[in-house]
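> build me a model:
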Amino acid sequence: MKIAVMLIGDKISPHFGGSEKVCIYTVENGAIVEKEYFDMPEHRAGLFAKFIKQKGADVVIAGSMGERARYIFDSLGIKYFIGVLGSPDEAVEKLLKGELKSDEALANEIHEKEEGMHHNSHGHSRGHHHNHG
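Predicted coordinates:
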């Protein structure tokens, strides 16, 4: 089994599409036998999901994930756990013990926060007043 953990620095990436790297954990007989790090390709729609698929991942772990990535993983039969943050090793160990669960509420919160940051950075100014005098 291969587990892809999306990373920013050495922590789980809050947003699948914002990941810098992925760590692919190779698991045999319930034990981690190998960890490989890959830089993510340029971010284009659907590319990250295909990249993960090419690396042979069965499971993906990230803080949150957009609809498109979920759809692609669903269609590829790749499981994902979202709403997971912090240490990648801990998340994988929890997964191996059957204790890892998606936290949809946290994932949605992260997603909304990211979207909010995204929208705010476009310089939308509010409260234009046109004085016709």
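
> now do the residue nearest to the spatial centre of the chain against residue 29, distance only.
Among the residues of the chain, the one closest to the centroid is residue 16, at 2.5 Å (CA atoms, centre = their mean). From residue 16 across to residue 29, the span is 28 Å (CB to CB, to the nearest Å). C-betas here are computed from N, CA, C, even on glycine.

> surely the residue nearest to the centre of the chain touches residue 48?
Yes - between residue 16 and residue 48 a contact is recorded at 6.5 Å, counting by CB atoms under 8 Å.

> can you list residues touching both of those two?
Listed as contacting both residue 16 and residue 48 by CB atoms under 8 Å, 6 or more residues apart in numbering are residue 69.

> end to end on stretch 3-12, go ahead and measure it.
13 Å (CA to CA, to the nearest Å).

> poorly predicted segments of this protein, please.
Applying pLDDT under 70 to the chain picks out residues 115, 117-133.

> helices of that one, start to end?
Residue ranges of the helices in the chain, as given by DSSP state H, are 47-54, 67-76, 88-96, 104-120.

> which of the ones you listed sits closest to residue 7?
The minimum distance between residue 7 and the helices of the chain falls on helix 88-96, with 6.4 Å, by CB to CB.

> that closest one: which residues count as buried?
Within helix 88-96, the residues scored as buried using 16 or more other CB atoms under 10 Å are 88, 91, 92, 94, 95, 96.
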